[in-house]
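1. here is my input, please return the structure:
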Amino acid sequence: MSPKSQRVLVTGGAGYIGSHTLPELMMAGHEVHVIDDLSNGHGVALERCRQIVGRDFGFSEADIRDAARVSEVIRAFGPDVVIHFAGLKSPSESIEKPDLYREVNVIGSLRLLDAMRAGGCQRLVFSSSAAVYGPPDFLPISEDHPRRPTTPYGASKAEVEDILVQEAAKDTTLTCAILRYFNPVGAHASGLIGEHPQDIPTNLVPYIVDVARGRLPRLNVFGDDYGTPDGTGVRDYIHVTDLARAHVAALDWTAGATGAREFNLGAGEGTSVRDLIRTFETATGRDIPFVVAPRRPGDVASSYADPGRAERELKWKAELTLTDMCRSAWAWGARNPEGYA
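-> Next up is the predicted model:
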């Protein structure tokens, strides 16, 4: 439970991680207002968040790049802190549309920061990504690992990080928690909200769920000749509910800290693609047929976090298991075969 009720503005609150964070914020006693342009988020997700918690929150439909509209919302709501999820997030799409990713993710964040300052709000929790690291020099990856993003998406996150660090160094009243996510998966325990990918999923677990319910015939495993115990890629998977709770912890951290600080959010251990398939099959009783396909350009053998800083300073640790992730993802997918459609 957070020590004090606060007014929290959530940008991108209708998206996957944002919608899972809303119930955690409200159950911690905070007053919430959401900004989302609903280009990737879903109004139905917001309605279901209200259903989960049993009380309302504010909502303004707005593009994060619309400086006048965002300023208007901030002046009217008067947030103590902003949690900033809004942005584009597909690494592959960013290669095709690099200018759009910089405009939305970087310019949009700059306009939000300007609007916050004009409205007297000096605390920010920023949704970053492990994509800022690129291929790892060492494992587990700590926050001081060199940043070498390999896509315009990762570069846009790294650029916003740099801006926040620089601005917090110049303005000692500004406090920023920079949260670097590894691989969020799973869904809320209620089965009411979850991940709603567009078209064929690019993330592994939604792809597995689509195979489990027969929408896709088989899973493609991209490469089985990596230098890992079973040859398949190893990643750090974190339950989306654990990730949501980390934002509540980061919000509390900003109330007593100064400057900008980066935090890895992951389970702190690697899971191979084959291990994830086996865990999903055991947890759900569904068979997942798969074929081995060629490696994808840019994929690395292993990537997983050192989450020690978040444990020490945010007093947060991932608690839900890989089995929990698989069961919740399947419960969401089976209950909502068309997602929010």
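
2. count of neighbours near the closest residue to residue 237 other than its chain neighbours?
-> Using Cβ to Cβ, 6 or more residues apart in numbering and skipping residues adjacent in sequence, the residue nearest residue 237 is residue 183, 4.8 Å away. C-beta: built from backbone N, CA, C; applies to glycine. Using other Cβ atoms under 10 Å, residue 183 has 21 neighbouring residues.

3. poorly predicted segments of the protein, please.
-> 1-3, 198-200 (pLDDT under 70).

4. so who does residue 327 touch?
-> Residues near residue 327 by Cβ atoms under 8 Å, 6 or more residues apart in numbering: 283-284.

5. sorry, back to before: would you confirm that the residue nearest to residue 237 contacts residue 239?
-> No: look at residue 183 against residue 239 with Cβ atoms under 8 Å: they stay out of range, at 10.3 Å.

6. where along this protein do the helices fall?
-> Taking DSSP state H as the test, the helices found in the chain are 16-27, 43-53, 67-77, 91-96, 98-101, 108-118, 152-170, 204-212, 240-256, 273-284, 308-309, 322-335.

7. centre of the chain to the longest one, how far?
-> For helix 152-170, the gap between its own C-alpha mean and the chain's C-alpha mean amounts to 17 Å (Cα atoms, centre = their mean, to the nearest Å).

8. neighbouring contacts of it?
-> With Cβ under 8 Å, 6+ apart as the criterion, helix 152-170 contacts 87-91, 93-95, 97-98, 101-102, 105-106, 109-110, 113, 124, 126, 128-129, 131-132, 134, 147, 149, 174-176, 178, 258-260, 262.

9. just stretch 214-223 next, same as before
-> By Cβ under 8 Å, 6+ apart, the residues outside stretch 214-223 that reach it are 200, 207-208, 210-211, 231-233, 273-274, 277, 288-296, 299, 337.

10. still on that earlier bit, same list (the helices of the chain) but as CSV, adding distance to residue 6.
-> Converted to CSV, these look like this (distance: least, Cβ to Cβ, whole Å):
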stretch, distance to residue 6
helix 16-27, 9
helix 43-53, 16
helix 67-77, 12
helix 91-96, 33
helix 98-101, 31
helix 108-118, 14
helix 152-170, 19
helix 204-212, 32
helix 240-256, 7
helix 273-284, 36
helix 308-309, 23
helix 322-335, 28
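
11. most tightly surrounded among these?
-> helix 16-27 (a mean of 25; mean count of other Cβ atoms under 10 Å).

12. OK, contacts around the residue nearest to residue 300 when sequence neighbours are not counted?
-> Excluding the flanking residues, the one nearest residue 300 by Cβ to Cβ, 6+ apart is residue 135, at 4.9 Å. Residues in contact with residue 135, defined by Cβ under 8 Å, 6+ apart, are 148, 150, 300.

13. from those residues, keep the buried residues only.
-> Among these, those that count as buried by neighbour count (16 or more other Cβ atoms under 10 Å) are residue 150.

14. from the contacts of residue 135, which land in strands?
-> Among these, no member falls in strands (DSSP state E).

15. between the contacts of residue 135, which is nearest residue 66?
-> Within those, proximity to residue 66 (Cβ to Cβ) peaks at residue 150, which comes in at 30.6 Å.

16. that closest one - nearest residue in space that isn't next to it in sequence?
-> residue 134 (5.0 Å).

17. now the one you found: how far from residue 110?
-> Residue 134 sits 24 Å away from residue 110, going by Cβ to Cβ, to the nearest Å.

18. please apply the same query to residue 121.
-> As judged by Cβ to Cβ, residue 121 and residue 110 stand 15 Å apart.

19. over to residue 179?
-> Computed as Cβ to Cβ, the residue 179 to residue 110 distance reads 19 Å.

20. wait, residue 188 sits on residue 241?
-> Yes: using Cβ under 8 Å, residue 188 is in contact with residue 241, at 6.5 Å.

21. identify the contacts common to these two.
-> 20, 328.

22. list the residues that contact residue 307.
-> By Cβ under 8 Å, 6+ apart, residue 307 lies in contact with 263-268, 317-318.

23. nearest residue to it other than its sequence neighbours?
-> Spatial nearest neighbour of residue 307, excluding adjacent residues (Cβ to Cβ, 6+ apart): residue 268 at 4.7 Å.

24. again, but for residue 75
-> Using Cβ to Cβ, 6+ apart and skipping the chain neighbours, the partner closest in space to residue 75 is residue 119 (5.3 Å).

25. ok, the one you found - contacts?
-> Neighbouring residues of residue 119 by Cβ under 8 Å, 6+ apart: 71, 74-75, 78-79.

26. how much space between it and residue 136?
-> 39 Å.
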